[in-house]
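A.B. asks: I'd like to go over a predicted model; first the sequence, then the structure.
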Amino acid sequence: MEMALGFRGPSPALLSPASSSPARAPRASPQPAKHLFGLGSSSSSGLSSPLASRTSLRCRPERRVHRPIACSAAQTTETPTEEKKSQLIRRSDIRNIAIVAHVDHGKTTLVDSMLRQAKVFRDNQFVQERIMDSNDLERERGITILSKNTSINYKDTKVNIIDTPGHSDFGGEVERILNMVEGVLLVVDSVEGPMPQTRFVLKKALEFGHAVVVVVNKIDRPSARPDFVINSTFELFIELNATDEQCDFQAIYASGIKGKAGLSPDNLAEDLSPLFEAIIRCIPGPRIEKDGALQMLATNIEYDEHKGRIAIGRLHAGTLKKGTDVKVCTSDDSCRYARVSELFVYEKFSRIPVEIVEAGDICAVCGISDIQIGETIADKTSGKPLPAIKVEEPTVKMSFSINISPFVGREGKYVTSRNLRDRLYRELERNLAMKVEDGETSDTFLVSGRGTLHLTILIENMRREGYEFMVGPPKVISKRVNDKLLEPFEIATVEVPEEHMGSVVELLGRRRGLMFDMQGVGSEGTTLLKYKMPTRGLLGLRNAILTASRGTAILNTIFDSYGPWAGDINTRDQGSLVAFEDGTSTSYALASSQERGQMFIGPGLEVYKGQIVGIHQRPGDLALNVCKKKAATNVRSNKEQTVVLDTPLDYSLDDCIEYIQEDELVEVTPSSIRMCKNPKLSKKSR
């Protein structure tokens, strides 16, 4: 590619840490404002302009003078035809942006500061941290799971902000949201730099042709290395085949928790005004067909007890009025008719009812009871559907079935296969990256998702809603192409202190991981390891890595591609301790049982035959009687002996799903999580 050649030219000094102006990526020559904000007549690739003949990366140091910063705004990838383009205009009073980043790089905290400084809240109003993480599960885990809409007003411009998940398992949310915006804020940690999910979300944004503003967050960290981060991000743009205009990104340095930003790491303003200015200057307004026929793509669905289903999306063309009759279309031209009962826009931190919405704004529509994500709300007479949303295929599947343990029905509200089926298929309406199929029997369902966390969040939500069911171990979804068996591979990034690196490298090697990069991170004695390994090898890896590194390693993964089957992988060396009979566990029995391994249960708990009560210290399963009581006869001494029991292991839902193997199940109820042997498979083995 022309850009890559320019980058590897005889003047690599631009990307060295000693660059004269680290706050800016290498930039092209000044361009007319008309071209910069997408009003020129360049083609969708952005390379047919006169600028394309000379690569924007061949910058001479003497040209890098301080001047008013002008940002390039990329054209959308689906450029309209010439005759239609004349009807399209840019709205200058609205900006639609998505905030994307790797997990824990500070997106939600940055949005908090933006909302506070935009005076969204009253001066005396109590505002909790991470206000956008409104879901209980999000607060408990400290991650964003569902994308959220809000808006702020800066000067005379309304900025619609969408906070997106940072974990790769929720990439389907990010892919949908990018349909609603014209630009993204790419938040990158000032020490870690671009991480696996950074690559994923940036790749998607560049494919859509969106303008990108890079925010180097947490700049106040002691080991911050802004020059390295900017250079690494620029190399990532080159790697992902970004256009000249997209490579010419604006860099902002910020501390989200302190609410400060600036154009250089050493000179931060007292507030986030440089960030707001960059959004207005660098992100183009929505391109709309103001007088065209109504078109709105439903990119998200919410549910309200009183209003029913609420479709959220950006109005691409025309105007939408409350009480209007509309046509709801899918991409295959099958249409039906409906009426808009209520209409909302996002103002500050809430939805505000309005009578009319103009093209370019993000709105919420009520009254269409059966609307699905990816359908188009169009004009009743002349409306046409927009292209449907495409989401990447799932890579991991799990079996869900009704509870078959002796304790069935004790704790759950919904226990039948009909309850389970209805809930799983209802999840498909808003979770595009998930798939549900009927299993081998009428009470079993195969649920496929982007990763184990994607499925675990669904299980946890169902548990809290009162469902009681069982799930099997996660399995990868393999493909057969040209009679060759292919399986999914992922890029695993591990941050580990140097003293534990040997044991972690050995562990990853046993799971068929191939190291392709190793580098030091900051001044904290931490090493960054990058591996390409099969998804099968990652199942159950998180706990094993924490054990090997004494709880200090950080593991991040993201789907890479399908590759040839890597061979057998043994993910667990130890067997399970299994309860021998039904009853209540006793201290007397547990005292002797704990010599065989680590226990999951304490005294006084009800157990049933086949329940997994601990981890065996050797390979293979071992049946134990944990309900045995001390006999009180004349021969024996009745003197009580002091029994010292080890603290039982406290396994969470994620831990249990990582632990179980082919012949084991996790029993999930609103108040308990138990593991047991699969009775159907144990009968077959006999």
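C.D. replies: Sure thing, it's come through. Numbers count the residues shown, from 1 in each chain.
A.B. asks: who's in contact with residue 557?
C.D. replies: 168, 196, 451, 490-493, 538 (Cβ atoms under 8 Å, 6 or more residues apart in numbering). Just so you know, the C-beta spots here come from the backbone N, C-alpha and C atoms, and that holds for glycine as well.
A.B. asks: mind redoing it with 7 Å?
C.D. replies: Contact analysis of residue 557 by Cβ atoms under 7 Å, 6 or more residues apart in numbering lists 168, 196, 490-492, 538.
A.B. asks: Work out for me the element it sits within.
C.D. replies: Counting by DSSP states H and E, the element that carries residue 557 is strand 554-564.
A.B. asks: now do residue 368
C.D. replies: Under the criterion of DSSP H and E, residue 368 resides outside all helices and strands.
A.B. asks: Apart from its neighbours in sequence, what residue is nearest residue 371?
C.D. replies: residue 311 (4.8 Å; Cβ to Cβ, 6 or more residues apart in numbering).
A.B. asks: Let me know whether that neighbour touches residue 368 as I believe.
C.D. replies: Yes - at 6.2 Å, residue 311 and residue 368 qualify as touching, with contact defined as Cβ atoms under 7 Å.
A.B. asks: circling back: return the distance of the strand holding residue 557 from the chain's centre.
C.D. replies: Relative to its chain's centre, strand 554-564 lies at 14 Å (Cα atoms, centre = their mean, to the nearest Å).
A.B. asks: Adjacent strands (with direction) for the helix or strand that it is followed by?
C.D. replies: Downstream of strand 554-564, the first helix or strand assigned by DSSP H and E is strand 576-579. If you go by DSSP bridges, strand 576-579 pairs up with strand 612-616 (antiparallel), strand 622-624 (parallel).
A.B. asks: out of those, which comes closest to residue 380?
C.D. replies: Within the strands paired with strand 576-579, the stretch nearest residue 380 is strand 612-616; the backing value is 59.1 Å (Cβ to Cβ).
A.B. asks: any idea which helix or strand of the chain has the worst average confidence?
C.D. replies: Of all helical and strand segments in the chain, the minimum by mean pLDDT, DSSP states H and E falls on helix 33-36, at a mean of 36.
A.B. asks: Let me see the contact set for residue 427.
C.D. replies: 434, 458.
A.B. asks: per-residue confidence at it?
C.D. replies: Per-residue confidence at residue 427 stands at 86 (pLDDT).
A.B. asks: With the one 4 residues further on instead?
C.D. replies: Reading off the per-residue confidence, residue 431 sits at a pLDDT of 79.
A.B. asks: again, but for residue 509
C.D. replies: 88.
A.B. asks: I'd like the numbering to begin with 16 instead of 1 from here.
C.D. replies: Sounds good: first residue 16 from here, last item residue 524.
A.B. asks: Against residue 671, how distant is it?
C.D. replies: 26 Å (Cβ to Cβ, to the nearest Å).
A.B. asks: Looking at these two, which is more packed in?
C.D. replies: residue 671 (21 against 14; other Cβ atoms under 10 Å).
A.B. asks: The more buried one: which element?
C.D. replies: Following DSSP H and E, one finds residue 671 within helix 668-674.
A.B. asks: ok, and what's touching that helix?
C.D. replies: Residues contacting helix 668-674 (Cβ under 7 Å, 6+ apart): 467, 471, 474-475, 486, 489, 554-555, 557-558, 666, 681, 688, 690.
A.B. asks: Cheers, nothing more for now.
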